[in-house]
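Trainee: My questions concern the predicted model and sequence given below.
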Amino acid sequence: MRKRIVALAFTGALGTLAAVVPTGTAAAASGCGVTMFPGGASASCASGPGTVRVAIFCEKPGYYTYQDHGRWVAAGSGSSTKSCKAGTLLVDAAFEIG
């Protein structure tokens, strides 16, 4: 299964998200987005073939940063959700299309 990572940039604590999608890719899920909430995020796609999962980037201030992922879900069938570990903060989130 070929997957594609869609990078997101945001401004502020729960600011505006903008997806950066490479051009010239094969048909994939569409209407995808990420919703950030305190301590985690969820991702979903409205329709299309394939699957989607959320990728979160969390930080233990002054110590380390790590990346984690939610489970893969079929486009149009729900959302992939993941929270940061206790004592860490969400610093960014993105979605991957599989």
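Mentor: In hand now; what should we look at?

Trainee: correct me, but K85 touches C58?
Mentor: Yes: here K85 reaches C58: they are 6.7 Å apart, a contact under CB atoms under 8 Å. Where you see a C-beta, it was placed from the backbone N, CA and C, and this is true even at glycine.

Trainee: contacting residues around G39?
Mentor: 83-84, 89-90 (CB atoms under 8 Å, 6 or more residues apart in numbering).

Trainee: Which members of these are positioned in strands?
Mentor: Judged by DSSP state E, strands contain the following of those: 83, 89-90.

Trainee: Would you list the buried entries among these?
Mentor: Of the members of the ones in strands among the contacts of G39, the ones counted as buried by neighbours, 16 or more other CB atoms under 10 Å, are 83, 90.

Trainee: A75 touches R53, doesn't it?
Mentor: No: in terms of CB under 8 Å, A75 does not count as a neighbour of R53; the distance is 11.1 Å.
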